[in-house]
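**Student:** This is the structure alone, sequence omitted:
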């Protein structure tokens, strides 16, 4: 977690310095020193807002089965509201009452929204998660059920050598969960966040007994404690308590592998 905070803080400071040098939206009229203070400060204040709403958007997309593009767009629109008021307080030095009555509030909101979209889009492209298996899997020709066979031997790449930047003694990797540009590595009674794209983490595990069952989830067969049907799809309950949704197009793959 400390590494995550350090990396994100550094990237936001760099973005703030770049915006300070460019001086967009009329801020170029301010002295350079003032811009170098205000822009990084505003970006650092805004990133937790947009980042938190991004996490909520991902959860809402999975829980309500709403396209992630829709939920993240709503998150950016909502996040720009408090950020606009913050800009008015820091940059315009206005009180909350003055900010709400200011004629520039609307145009400034659009400017803040544009900056939020650009920064969030850049971070997404930089640490883009793997493609949704619903877009990649082919139900007509599911892969051979190699993961099921691998599970019978007890020794897999995931359990012997995770090949991921984990703390010593982490133990077997049971599941991976994509969280924006991070991957949550789930083990036996412990979890760690790793700054890595989902598909890269899966590739590092090599030939293991896992399947990429959902856009945000890769799980091993040994991690599954229970399976229950949910309409045309299913929910996997892991030994650690996590509930993992299965993408509809992955259902034939899991059946062929003997997981269902």
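**Tutor:** Yep, that arrived. As the structure is a computational prediction, the values presented were derived from the model and not from experiment. Residues are numbered from 1 along each chain as shown.
**Student:** C-alpha from now on. contacts and neighbour counts both.
**Tutor:** Will do.
**Student:** What segments of the protein are strands?
**Tutor:** Ranges of strands in the chain, per DSSP state E, are 175-179, 182-186, 191-195, 210-214, 217-220, 224-230, 233-238, 243-245.
**Student:** Quickly run through the sheet partners of the shortest one, with directions.
**Tutor:** When pairing is defined by DSSP bridges, strand 243-245 lines up against strand 233-238 (antiparallel).
**Student:** to the chain's geometric centre, what's the distance from the partner strand?
**Tutor:** 21 Å (Cα atoms, centre = their mean, to the nearest Å).
**Student:** can you check stretch 57-71 too?
**Tutor:** Chain-centre distance of stretch 57-71: 12 Å, with Cα atoms, centre = their mean.
**Student:** How about stretch 101-112?
**Tutor:** Centroid separation between stretch 101-112 and its chain, computed with Cα atoms, centre = their mean, is 29 Å.
**Student:** begin at 51 from here
**Tutor:** I'll keep to 51 as the first residue from here, and by that count the last item is stretch 151-162.
**Student:** what sits up against it?
**Tutor:** With contacts defined as Cα atoms under 8 Å, 6 or more residues apart in numbering, stretch 151-162 is touched by 75, 130-131, 133-134, 149.
**Student:** go with 10 Å
**Tutor:** Contacting residues not belonging to stretch 151-162 are listed as 74-75, 96, 126-127, 129-135, 137-138, 144-146, 148-150, 163-168 [Cα atoms under 10 Å, 6 or more residues apart in numbering].
**Student:** want to throw the strands of the chain into CSV with distance to residue 100, mean pLDDT and mean neighbour count?
**Tutor:** CSV is the format used below for these (distance: least, Cα to Cα, whole Å; pLDDT from 0 to 100; neighbours: other Cα atoms under 10 Å):
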stretch, distance to residue 100, mean pLDDT, mean neighbour count
strand 225-229, 14, 89, 24
strand 232-236, 16, 87, 22
strand 241-245, 18, 84, 18
strand 260-264, 24, 89, 23
strand 267-270, 23, 91, 22
strand 274-280, 32, 87, 13
strand 283-288, 29, 89, 18
strand 293-295, 25, 90, 19
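**Student:** and of those, who's closest to residue 108?
**Tutor:** Closest of the strands of the chain to residue 108 is strand 225-229, at 7.9 Å (criterion: Cα to Cα).
**Student:** so what does that closest one touch, helix or strand wise?
**Tutor:** helix 82-114, strand 232-236, strand 241-245, helix 248-255, strand 260-264, strand 267-270 (3 or more Cα pairs under 10 Å, 6 or more residues apart in numbering; DSSP states H and E).
**Student:** distance between that strand and the chain's centre?
**Tutor:** Distance, centroid of strand 225-229 to centroid of chain: 9 Å (Cα atoms, centre = their mean).
**Student:** where's the most centrally placed residue in the chain relative to residue 171, distance?
**Tutor:** Centroid-nearest residue in the chain: residue 230, 1.1 Å away (criterion: Cα atoms, centre = their mean). Residue 230 is 11 Å from residue 171, where distance means Cα to Cα, to the nearest Å.
**Student:** again, but for residue 144
**Tutor:** Distance from residue 144 to residue 171, counting by Cα to Cα: 30 Å.
**Student:** I figured residue 124 hits residue 103, correct?
**Tutor:** Yes: the pair residue 124 and residue 103 qualifies as a contact (Cα atoms under 10 Å) at a distance of 8.9 Å.
**Student:** neighbour count winner among the two?
**Tutor:** Taking neighbours as other Cα atoms under 10 Å, residue 124 and residue 103 compare with residue 103 leading, 20 against 14.
**Student:** can you tell me how far the closest residue to that one other than its chain neighbours sits from residue 170?
**Tutor:** Spatial nearest neighbour of residue 103, chain neighbours left out: residue 125 (5.3 Å); criterion: Cα to Cα, 6 or more residues apart in numbering. From residue 125 across to residue 170, the span is 11 Å (Cα to Cα).
**Student:** that older thread, please identify which of the strands of the chain is closest to residue 64.
**Tutor:** strand 241-245 (18.2 Å).
**Student:** Distance from the chain centre to the closest one, please.
**Tutor:** With Cα atoms, centre = their mean as the basis, strand 241-245 stands 12 Å off its chain's centre.
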